[in-house]
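**Student:** Generate a structure from the sequence data that follows.
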Amino acid sequence: MRFNKIASASLLAGLVITLPATTFAVPQNSGQFIHPPQQRQSPPPQRQSTPPPQRQPQQQRQPQQSNPPPQRTNPQPRSAPPQRQESGPPVHAPRDIVRTPNFVPRHEDAPRQAADPVSVQTPNHQTDRRRVTPTSPVIVNQRSFTHTAAGRVYDNGLILHHGVNVSQAWQRPYFPKGKAHFNGYRQSFIRGSSYISPFGFYFGVCVPFISADQCRIFPPSVVFIDVPVFNGVVFTSFADAADQNLLNDPTLDQEQPGLLNAVDAITETFQGGNIEGLVSLIDPNTSIAIYLNGHYQYSLTSNDYVDLTRDAILSMHTVNFTLNYLHQRAPGVFSVAGKQTYRDQNNQIQTTYVSYVLQDISGHWTLTQVGNAPAKKRKF
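**Tutor:** Next comes the predicted model:
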């Protein structure tokens, strides 16, 4: 009994403790309820802001290796690069290495002469003519040959090929006998693919163009041909070399044996139509430089030039062929010039001026340069 009273009192005391203070307000005099004074609450303490802890960078995970990597040794410090030295003047090859056999040492105290603007070398009058000592002038220009299936083969290796029948219609007017010996003719001019033929200025008589495949560009170091002079488009003369015309020299045959025979061989070829005259002046190992209107065009093999000449003399009707100017260009080198008149396809007489260079090579007078110029320039 006493235990129950104690438990009830404890329970009631717990309820009283939990009730708010307003529940037990006490009335004073007037019977109004007076609330107990509220205790002033102190403001809550301000929270001090502490900086967030800095994040430490996470270490990258290295892949596990079966074998530990080799320890890296500290490299030695690099040495400073060497300073660049200024290059001096370019070093040239010694001049003695590139001197030609004709080198003449220069004297410093000698006055320097101005260069000759003319590209043609003037004759050397002070040089004594070097005599050629063949067995006889006739033997110098004589060639023996053998008939073969390929054609006539000469003792020096030159071959006169058989003619081939022409098949195209544009070729027939140029080959009245229906055969051509040269195989590189072209109907029209195409830059880079064709050139004007050495006989291209024989208008309407010879094929004007040839293939560039047969031409080689090897300009001679010295121009020996006679250079034509034009007044506008009209030929006036060859450039005057102001020297002696050796055709008037009565001692020429003794001083230059065989030279007159060589000049006659050219005349025999173009006036008489005999290719044997030209063959006697040909060296198969020497190319022939072709000049048109005084300008270098290309070089032909001696065999190709002979084939072109054979076709030309068979196609043209020569009225007159005259070589009337012979002079010396250098020791052992002579040029002879003249003109050729012929009849064109309209039976009109036309004129072409020619120049040939004959050079003493191994005791033989050899044709090395050929020049051609029309009496009047015109388009093809």
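
**Student:** Quick check: bridge partners of Pro374?
**Tutor:** Beta-bridge partners for Pro374, by DSSP bridges, are Thr352.

**Student:** Help me confirm that Glu276 is found in a helix?
**Tutor:** Yes: counting by DSSP: H, G, I helix; E, B strand; the rest coil, Glu276 is found in a helix.

**Student:** residues contacting the residue nearest to Val333 when sequence neighbours are not counted?
**Tutor:** Nearest residue to Val333, sequence neighbours excluded (CB to CB, 6 or more residues apart in numbering): Gln359, at 4.9 Å. C-beta here means a position set from N, CA and C on the backbone, and glycine is covered the same way. Contact analysis of Gln359 by CB atoms under 8 Å, 6 or more residues apart in numbering lists 224, 332-334, 365-366, 368.

**Student:** List the beta-bridge partners for Gln359.
**Tutor:** Taking DSSP bridges, one obtains Val333, Thr366 as the residues bridged to Gln359.

**Student:** picking that back up, so which of the contacts of Gln359 is the most crowded?
**Tutor:** Trp365 (26 neighbours; other CB atoms under 10 Å).

**Student:** so how far is the first residue of stretch 215-227 from its last?
**Tutor:** 22 Å (CA to CA, to the nearest Å).

**Student:** ok, now stretch 341-356?
**Tutor:** Here the two ends of stretch 341-356 are set 17 Å apart, with distance taken as CA to CA.

**Student:** List the buried residues for that stretch?
**Tutor:** Neighbour counts over stretch 341-356 (16 or more other CB atoms under 10 Å) mark 342, 350-356 as buried.

**Student:** Show residues contacting it.
**Tutor:** 173, 201-205, 225-226, 228, 235, 238, 266, 291, 316-321, 323, 335-340, 367, 369-375.

**Student:** Stretch 240-259: which residues count as buried?
**Tutor:** 241, 246, 252, 256-259.

**Student:** what does stretch 202-221 give?
**Tutor:** 202-210, 212, 214-215.

**Student:** Include distance to His295 when you put those residues into CSV, please.
**Tutor:** Below are the buried residues of stretch 202-221 laid out as CSV (distance: CB to CB, whole Å):
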residue, distance to His295
Tyr202, 18
Phe203, 19
Gly204, 23
Val205, 22
Cys206, 19
Val207, 21
Pro208, 17
Phe209, 17
Ile210, 17
Ala212, 17
Gln214, 19
Cys215, 14
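
**Student:** Okay, and which of these map to strands?
**Tutor:** 209-210 (DSSP state E).

**Student:** Tell me the one of the buried residues of stretch 202-221 nearest Phe189?
**Tutor:** Comparing the buried residues of stretch 202-221 against Phe189 with CB to CB places Phe209 closest, at 5.2 Å.

**Student:** and the closest one, what does it touch?
**Tutor:** Phe209 touches 185-189, 194-197, 200, counting by CB under 8 Å, 6+ apart.

**Student:** and these, which are buried?
**Tutor:** 185-186, 194-197, 200.

**Student:** Among those, name the ones in strands.
**Tutor:** Short answer: these in strands (DSSP E) are 185-186, 194-196.

**Student:** ok, so of those residues, who is nearest Leu308?
**Tutor:** Tyr185 (9.1 Å).

**Student:** Turn the buried residues of stretch 341-356 into TSV, columns for distance to Phe380 and pLDDT.
**Tutor:** What follows is those, written out as TSV (distance: CB to CB, whole Å; pLDDT from 0 to 100):
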residue	distance to Phe380	pLDDT
Tyr342	17	95
Gln350	14	94
Thr351	17	96
Thr352	14	97
Tyr353	18	97
Val354	19	98
Ser355	22	98
Tyr356	24	98
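
**Student:** Pull the most distant pair out of those.
**Tutor:** Gln350 and Tyr356 (19.6 Å).

**Student:** Any figure for the gap between Val357 and Leu300?
**Tutor:** From Val357 across to Leu300, the span is 14 Å (CB to CB, to the nearest Å).

**Student:** Also Ser193?
**Tutor:** Ser193 is 16 Å from Leu300, by CB to CB.

**Student:** With Thr341 instead?
**Tutor:** Counting by CB to CB, the gap from Thr341 to Leu300 is 25 Å.

**Student:** what's the answer for Leu260, then?
**Tutor:** Leu260 sits 26 Å away from Leu300, taking CB to CB as the criterion.

**Student:** who has more neighbours, the two?
**Tutor:** Each of Leu260 and Leu300 has its neighbours counted (other CB under 10 Å); Leu300 has more, 24 against 17.

**Student:** count of residues packed around the nearest residue to that one once chain neighbours are set aside?
**Tutor:** With CB to CB, 6+ apart as the criterion, Leu300 has its nearest non-adjacent residue at 5.3 Å, and that residue is Ile288. Counted with other CB under 10 Å, the neighbours of Ile288 add up to 22.

**Student:** Can you check the pLDDT for the closest residue in space to Thr341 that isn't next to it in sequence?
**Tutor:** Spatial nearest neighbour of Thr341, excluding adjacent residues (CB to CB, 6+ apart): Val319 at 4.4 Å. Reading off the confidence values, Val319 has pLDDT 95.

**Student:** Spell out the secondary structure type for Val319.
**Tutor:** Here Val319 is recorded as strand under three-state DSSP.

**Student:** Can you tell me the strand partners of the strand or helix carrying Phe230 and which way each runs?
**Tutor:** Assigned by DSSP states H and E, Phe230 falls within strand 228-231. Strand partners for strand 228-231, identified by DSSP bridges, are recorded as strand 234-238 (antiparallel).

**Student:** Just name the closest of the ones in strands among the buried ones among the contacts of Phe209 to Ile275, please.
**Tutor:** Tyr185 (18.1 Å).

**Student:** Okay, now the unreliable bits of this structure?
**Tutor:** Applying pLDDT under 70 to the chain flags residues 1-151.

**Student:** so where do the helices sit in it?
**Tutor:** Taking DSSP state H, the helices of the chain run over residues 2-18, 137-140, 252-255, 259-272, 275-279, 302-315.
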